[in-house]
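1. need coordinates for the following:
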Amino acid sequence: MYSNPQEVQEGEGEIGIGLNNQTKRNRILLVDDEPDLCTVYQIVLQDAGYECIPYTDSIKALQEYRPTYYDLVLLDIKMPVLNGFELCKKIIELDKTVHIIFITASEEYYEMFRSEHFPELGKINYIQKPIGNEELIQIVNMIIATSYASHLFEGNIQP
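-> Numbering: from 1, shown residues only. Predicted coordinates:
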């Protein structure tokens with residue numbers, strides 16, 4: 001992973017492209033209490049063609065959450081006050097259609113939570129930190145494309 005935004009900008013040609021021609025919105029909500037990671041992920045996602053709205057405060061992210069506005073939510077798990085698991089539950093109450101990816105360095109914490117609270121993952125996925133920029137974009141592209149295809153098949157989006 002790049003250590004600062006300048007490194008990301010210098011290598012932006014290697015990251016890949018988003019799905020601007022395949023989806024209608026391409027909006028990603030990013031919530032991580034580490035400002036540096038938030039900045040790096042935001043730059044990487046924007047360079048790939050996504051509109052990335054970052055928050056370092058999970059409470060503020062929830063207060064300003066707009067149902068059906070986002071295609072994808074990227075959540076850190078370990079955050080103060082309202083952790084990623086709690087935020088995930090509240091987002092799902094507001095928006096049952098959004099896809100959620102947890103990004104965390106703690107596989108044990110994730111497995112404990114998943115088995116207790118989300119035995120059937122459905123639209124919830126997991127990425128372990130650290131993750132390379134290209135791998136992050138590939139995963140996001142895949143989930144956004146799958147979501148778009150699903151909505152297209154259901155007749156919710158016009159090609």
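
2. tell me the SS of Met142?
-> Taking DSSP: H, G, I helix; E, B strand; the rest coil as the rule, one finds Met142 in the helix state.

3. ok, Glu93 next?
-> Glu93 ends up helix, using three-state DSSP.

4. likewise for Leu29?
-> strand.

5. show me what it is bridged to.
-> Ile53, Val73 (DSSP bridges).

6. from memory it sits against Ala61, does it?
-> Yes. Contact criterion CB atoms under 8 Å: Leu29 and Ala61 qualify, at 6.7 Å. Heads up, the C-betas are built off the backbone N, CA and C, glycines and all.

7. how about the helices in the protein?
-> Assigned by DSSP state H, the helices in the chain fall at 5-10, 35-47, 58-63, 84-94, 107-117, 133-153.

8. low pLDDT regions in this protein?
-> 1-25, 107, 109-124, 147-159 (pLDDT under 70).

9. and Val98, how far from Leu74?
-> Distance of Val98 to Leu74, given as CB to CB, to the nearest Å: 11 Å.

10. brain fart, Ile103
-> From Ile103 to Leu74 the distance is 6 Å (CB to CB).

11. overlap in contacts of the two?
-> Asp32, Tyr41 (CB atoms under 8 Å, 6 or more residues apart in numbering).

12. Asn26 and Gln138: what is the separation?
-> For Asn26 relative to Gln138 (CB to CB), the value is 15 Å.

13. how about Asp57?
-> Asp57 is 29 Å from Gln138, by CB to CB.

14. just Ala145 next, same as before
-> Taking CB to CB, one finds Ala145 at 11 Å from Gln138.

15. with Tyr65 instead?
-> Distance of Tyr65 to Gln138, given as CB to CB: 26 Å.

16. neighbour-wise, which of those two wins?
-> Counted by other CB atoms under 10 Å, Tyr65 and Gln138 do not tie: Tyr65 has more neighbours, with 20 against 14.

17. residue contacts, that one?
-> Leu29, Ile91, Leu94, Asp95.

18. from the residues you listed, which two are the most distant?
-> Leu29 and Leu94 (11.6 Å; CB to CB).
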